[in-house]
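Peer 1: task: produce atomic coordinates for the following.
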Amino acid sequence: MPPPPQPVQPPNHQRLLFASSEARRLSQGCVILLLLLALLANARVLGFGFLYLRDDDINLALNPHMGALSAARLHWMFTDFSYVRRYIPLGWLGFSATYTVAGLDPAPYHAVSLALLLLNTALVYALVQRAVRLLGPRRLRGGLDSWSVGAGALAAAWWALSPMRVETTAWVSGNLYGQAAALLFFSIIAYLRTYETSGARRALYLALSAVLYAASLLTYPLALGVPVLLAGLDVLRAREAPRPALGRLLAEKAVFLVPLAGVLAVTLWARVAASALYGGLPGGAQFPLASRAAQAAYVALYYLAKPWWPTGLSPLYDRLIGFNPWSPLFVAAVAAASAISALALARARRAPALAVLWFGYLACAAPFFGLTETSHMTSDRYSYLLSALAAAVLAALLSMLAGRAARLAATSALAALCLFFAAQSRAQLRIWATDRAQHAYVAGRLTNPGLLDDFRSRMAILEFMRGDEAAPEKAVAERLARASGDAGFLRAARIMDDKRRLSGYYGKASLLAIMHEQMGIAFARAGELREADDHMETALRMGDGFYQAAYDRAFVLIGLGRPEDALDSFLAAESWAPAPLPRNGCAAFLGDLASQAAADGKPRLEAAARAAARRL
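Peer 2: Numbering: from 1, shown residues only. Got it, this is the predicted structure:
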């Protein structure tokens with residue numbers, strides 16, 4: 001009787017990533033160097049704060065739903081579809097996990113941003129190495145040699161040191177994109193491992209890849225087009241290794257299409273539901289087909305070309321606002337995109353990699369085309385994934401260089417480019433250091449009159465919120481005297497009027513400090529005392545001598561079991577208040593303080609509190 005058939009194992013060269021121990025050690029050294037370079041180029045973000053009126057307030061600092069992890073907060077994360085126009089439960093979870101440790105201190109959030117950049121740098125390098133084996137010369141199927149390892153490191157450095165990474169690293173809200181990208185890179189790496197394994201191990205990698213892909217979409221829907229790219233890679237893989245068959249590989253994409261369909265449906269529903277806030281979806285008259293095609297072509301080529309010379313970067317671009325689709329720039333963009341597509345199709349049989357990479361790139365870039373938005377903007381953060389794909393192609397091309405002179409020239413050119421990128425990144429960080437610096441920089445680069453006016457009104461609002469009230473009030477009054485119907489400045493005037501009404505109660509505290517104090521009161525009433533204390537402490541940092549915040553915080557600190565801190569806060573409120581504090585409130589506080597001190601076994605504090613209460 002013949003022996004039972006043995007399971008087919010992939011050849012040994014498919015399981016080994018490196019051709020030699022020297023290549024493996026070189027790769028380990030390259031990882032360390034890449035992390036060190038990325039850290040040195042971006043470490044100053046640890047001293048940055050939150051950017052108000054740039055989404056950090058909406059997402060975190062003034063988010064009425066944000067706080068430490070709890071069952072109620074988890075319920076909100078996974079059931080809310082209206083607070084923002086994206087369904088991002090795992091994104092909220094990331095913020096909440098950081099909040100649990102850090103509260104409203106911005107430094108730990110920026111530490112997370114920096115850590116995500118370092119993690120993604122290592123993941124891009126790992127992804128690049130596996131892509132080189134798939135797309136590079138056939139000699140590397142047996143494992144990466146020293147040159148291909150170094151080529152991958154150069155490509156990963158090109159990605160990591162680009163100033164286009166600054167937006168996601170220096171901006172707390174950018175953590176959404178860094179977290180989503182990390183999960184996606186893990187997913188793609190796990191998927192590429194399915195090409196190197198078989199049986200149960202292969203099924204495990206496939207399932208892991210699908211779960212990580214779903215988690216990435218639930219953090220932020222950056223990767224909606226990735227299944228198309230994976231299907232293209234299947235085509236390339238099937239040409240070299242016909243087992244498993246192409247049909248089976250493509251059928252397996254169902255495990256990616258299910259989360260894709262779910263997240264896409266929820267995202268579109270959330271966008272429609274938020275039409276009152278963001279405007280309805282534009283129709284054909286408002287956003288003609290020619291404009292949509294021109295915008296899509298421009299965006300596709302922007303993310304393809306800009307990473308190679310990323311100068312003149314800005315947090316906000318107005319090129320696509322009110323543009324003419326028949327202008328030379330957009331006609332050229334449509335022509336170039338069409339020509340590349342035609343070439344890829346024409347050479348699909350002889351050079352399938354070109355078709356796979358181009359159409360896979362278009363699928364990955366499609367969510368950023370803005371086909372449902374008439375006031376669309378290209379944003380540096382959306383190059384996170386697309387530039388990683390470019391890095392993989394760059395590494396594969398470098399690995400094909402054979403001559404010593406060619407390799408030396410390529411290494412020198414890329415090293416010089418990476419040094420230039422690092423210098424540009426450090427300069428770009430200055431733009432993101434404070435919200436005031438960023439608003440001033442953006443206003444100086446905008447050319448669209450409507451957007452510039454709106455942004456100037458936002459600058460006035462920000463300065464007013466920060467406490468510099470006289471100059472913004474004068475600027476708004478002068479502007480409305482010239483153009484009484486300007487929506488942005490009318491909004492600013494309403495905010496300033498509201499602040500004047502509040503000043504009789506809150507004194508000279510800045511509007512931003514008052515907003516945090518009111519958030520603290522709302523959390524306190526909901527029984528979330530830790531969050532209430534965080535906001536009131538922030539209000540006190542922003543409002544010098546803000547007696548009302550100190551007074552309200554004293555009661556919160558009693559509830560948190562911190563009687564000494566509560567007494568200090570109460571005494572500060574007494575010293576700052578322009579008039580005696582309410583007698584009934586003082587009596588209630590001192591009674592609570594005495595009870596807390598007694599419960600904590602602090603007789604001297606209890607006696608002092610009761611004596612002070614008798615003197616009222």
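
Peer 1: mind checking how far the residue most central in space within the chain is from residue 583?
Peer 2: Nearest to the mean C-alpha position of the chain, by CA atoms, centre = their mean, lies residue 174 at 2.4 Å. Distance from residue 174 to residue 583, counting by CB to CB, to the nearest Å: 49 Å. Just so you know, the C-beta spots here come from the backbone N, C-alpha and C atoms, and that holds for glycine as well.

Peer 1: do the same with residue 79
Peer 2: For residue 79, the distance to residue 583 equals 44 Å [CB to CB].

Peer 1: ok, residue 144 touching residue 26?
Peer 2: No: the pair residue 144 / residue 26 is not scored as a contact, 9.3 Å apart, by CB atoms under 8 Å.

Peer 1: which one's more surrounded, the two?
Peer 2: residue 144 (26 against 19; other CB atoms under 10 Å).

Peer 1: the more buried one: what's it in contact with?
Peer 2: Applying CB atoms under 8 Å, 6 or more residues apart in numbering to residue 144 gives the contacts 17, 18, 19, 23, 27, 129, 132, 133, 152.

Peer 1: just among these, which is most surrounded?
Peer 2: residue 152 (31 neighbours).

Peer 1: roughly how far apart are that residue and residue 17?
Peer 2: Using CB to CB, residue 152 is found at 11 Å from residue 17.

Peer 1: could the contacts of residue 144 go into JSON lines alongside distance to residue 288 and pLDDT?
Peer 2: Shown next, in JSON lines, are the contacts of residue 144 (distance: CB to CB, whole Å; pLDDT from 0 to 100):
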{"residue": "17", "distance to residue 288": "50", "pLDDT": "87"}
{"residue": "18", "distance to residue 288": "53", "pLDDT": "89"}
{"residue": "19", "distance to residue 288": "55", "pLDDT": "86"}
{"residue": "23", "distance to residue 288": "54", "pLDDT": "90"}
{"residue": "27", "distance to residue 288": "51", "pLDDT": "94"}
{"residue": "129", "distance to residue 288": "45", "pLDDT": "94"}
{"residue": "132", "distance to residue 288": "43", "pLDDT": "88"}
{"residue": "133", "distance to residue 288": "45", "pLDDT": "84"}
{"residue": "152", "distance to residue 288": "44", "pLDDT": "95"}
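
Peer 1: Throw these into TSV and include distance to residue 523 and secondary structure, thanks.
Peer 2: Shown next, in TSV, are these (distance: CB to CB, whole Å; DSSP: H, G, I helix; E, B strand; the rest coil):
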residue	distance to residue 523	secondary structure
17	50	coil
18	53	strand
19	58	coil
23	55	helix
27	49	helix
129	47	helix
132	51	helix
133	52	helix
152	48	helix
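
Peer 1: pLDDT below threshold where in the stretch 251-400 of the chain?
Peer 2: Scanning the stretch 251-400 of the chain for pLDDT under 70 picks out 271, 273-280.

Peer 1: and with 80 instead?
Peer 2: Within the stretch 251-400 of the chain, the segments meeting pLDDT under 80 span 267-285, 372-374.

Peer 1: where along it do the strands fall?
Peer 2: Here the stretch 251-400 of the chain has no strands by DSSP state E, counting those that start in this stretch.

Peer 1: for it, which segments count as helices?
Peer 2: Remark: helices assigned in the stretch 251-400 of the chain by DSSP state H, counting those that start in this stretch are 254-273, 275-278, 289-305, 328-346, 352-365, 383-399.

Peer 1: ranking these by burial, who's on top?
Peer 2: helix 383-399 (a mean of 24; mean count of other CB atoms under 10 Å).

Peer 1: distance from the chain centre to it, please.
Peer 2: Taking CA atoms, centre = their mean, to the nearest Å, one finds the center of helix 383-399 at 21 Å from the center of the full chain.

Peer 1: what's the angle between it and helix 289-305?
Peer 2: Helix 383-399 runs at 50 degrees relative to helix 289-305, counting by axes from the mean of the first three to the mean of the last three CA atoms, to 10 degrees.

Peer 1: report all helices and strands that helix 383-399 contacts.
Peer 2: Applying 3 or more CB pairs under 8 Å, 6 or more residues apart in numbering; DSSP states H and E, one finds that helix 383-399 makes contact with helix 106-135, helix 146-160, helix 175-193, helix 289-305, helix 352-365.

Peer 1: the first one to helix 146-160, inter-axis angle?
Peer 2: It stands for helix 106-135. Counting by the same axes, to 10 degrees, helix 106-135 lies at 140 degrees to helix 146-160.

Peer 1: repeat for the shortest one
Peer 2: The directions of helix 352-365 and helix 146-160 differ by 20 degrees, with the same axes, to 10 degrees as the criterion.

Peer 1: got a list of contacts for helix 352-365?
Peer 2: Contact with helix 352-365 is made by 135, 223, 225-226, 228-229, 232-233, 235-236, 239, 299-300, 303-304, 340-341, 343-345, 347-348, 385-386, 389, 393, as judged by CB under 8 Å, 6+ apart.

Peer 1: apply 6 Å and report the result again.
Peer 2: Helix 352-365 is contacted from outside by 225, 228-229, 232, 236, 300, 303, 340, 344, 347-348, 386, 389, using CB atoms under 6 Å, 6 or more residues apart in numbering.

Peer 1: just stretch 39-57 next, same as before
Peer 2: Residues from elsewhere that reach stretch 39-57 (CB under 6 Å, 6+ apart): 61, 106-107, 110, 114, 161, 169-170, 172-173, 422, 425, 429, 433, 435, 458, 462.

Peer 1: what separates residue 513 from residue 259, distance-wise?
Peer 2: Plainly put, residue 513 is 42 Å away from residue 259 if you go by CB to CB.

Peer 1: what do you get for residue 189?
Peer 2: Separation of residue 189 from residue 259 (CB to CB): 18 Å.

Peer 1: cool, and residue 110?
Peer 2: Plainly put, residue 110 is 30 Å away from residue 259 if you go by CB to CB.

Peer 1: before we move on, what about residue 512?
Peer 2: Counting by CB to CB - residue 512 and residue 259 are separated by 39 Å.

Peer 1: can you check residue 135 too?
Peer 2: As judged by CB to CB, residue 135 and residue 259 stand 26 Å apart.

Peer 1: dump the residue contacts of residue 135.
Peer 2: Contacts of residue 135 (CB under 6 Å, 6+ apart): residue 396.

Peer 1: now with 10 Å, please.
Peer 2: 233, 236, 353, 356, 357, 392, 393, 395, 396, 397, 399, 400 (CB atoms under 10 Å, 6 or more residues apart in numbering).

Peer 1: what number of residues lie near residue 203?
Peer 2: Per other CB under 10 Å, the neighbour tally for residue 203 reads 13.

Peer 1: next, count neighbours for the residue nearest to residue 190 when sequence neighbours are not counted.
Peer 2: Nearest residue to residue 190, sequence neighbours excluded (CB to CB, 6 or more residues apart in numbering): residue 209, at 4.0 Å. Burial measure for residue 209: 23 neighbouring residues, criterion other CB under 10 Å.

Peer 1: and the contacts of residue 144 as CSV, adding distance to residue 367?
Peer 2: As requested, these are arranged in CSV below (distance: CB to CB, whole Å):
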residue, distance to residue 367
17, 31
18, 35
19, 38
23, 37
27, 32
129, 27
132, 27
133, 28
152, 27
